[in-house]
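**Q** quick one, what's the 3D model for this:
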Amino acid sequence: MASSVVVARTKPDGIEYLEEGARTVWTQISERAQQFPNVREATRAAMRLPSRLRAYALPIQ
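**A** Next comes the predicted model:
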């Protein structure tokens with residue numbers, strides 16, 4: 001089971017993560033990513049974003 005989950009999206013140059021405390025700010029630094037307690041909460045946050053961003057929940061091992 002994952003200990004935490006982040007919201008991520010793919011870009012041509014890698015993966016970006018939803019930044020802590022921001023609604024639509026992205027970072028390539030995983031340590032700055034907002035962490036969620038479970039996949040359900042991360043998916044809920046990803047679904048609230050505009051559809052053009054195509055974000056998803058990504059479990060962190």
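
**Q** how about the helices in this structure?
**A** Remark: helices assigned in the chain by DSSP state H are 39-48.

**Q** which strand runs longest in it?
**A** Counting residues, the longest strand found in the chain (DSSP state E) is strand 4-11.

**Q** quick check: buried residues in that one?
**A** Neighbour-count burial for strand 4-11, counted by 16 or more other C-beta atoms under 10 Å, picks out 5-9. All C-beta atoms are positioned from the backbone trio N, CA, C, and that covers glycine.

**Q** next one: stretch 21-29
**A** Those would be residue 26, for stretch 21-29 by 16+ other C-beta under 10 Å.

**Q** low-confidence ranges in the protein?
**A** For the chain, the stretches with pLDDT under 70 are 1-3, 61.

**Q** ok, 80 please
**A** Low-confidence segments of the chain (pLDDT under 80): 1-3, 22-23, 61.

**Q** what sits against the nearest residue to residue 35 once chain neighbours are set aside?
**A** Spatial nearest neighbour of residue 35, chain neighbours left out: residue 4 (4.1 Å); criterion: C-beta to C-beta, 6 or more residues apart in numbering. Contacts of residue 4 were listed using C-beta atoms under 8 Å, 6 or more residues apart in numbering, and they are 35-37, 59-60.

**Q** and the gap between the spatially closest residue to residue 53 that is not a sequence neighbour and residue 42?
**A** Excluding its sequence neighbours, the residue lying closest to residue 53 (C-beta to C-beta, 6+ apart) is residue 9, at 5.9 Å. Per C-beta to C-beta, to the nearest Å, residue 9 is found 12 Å from residue 42.

**Q** before we move on, what about residue 16?
**A** 14 Å.

**Q** which of the two has more neighbours?
**A** residue 42 (26 against 20; other C-beta atoms under 10 Å).

**Q** surely residue 26 touches residue 20?
**A** No - between residue 26 and residue 20 there is no contact under C-beta atoms under 8 Å: 11.5 Å.
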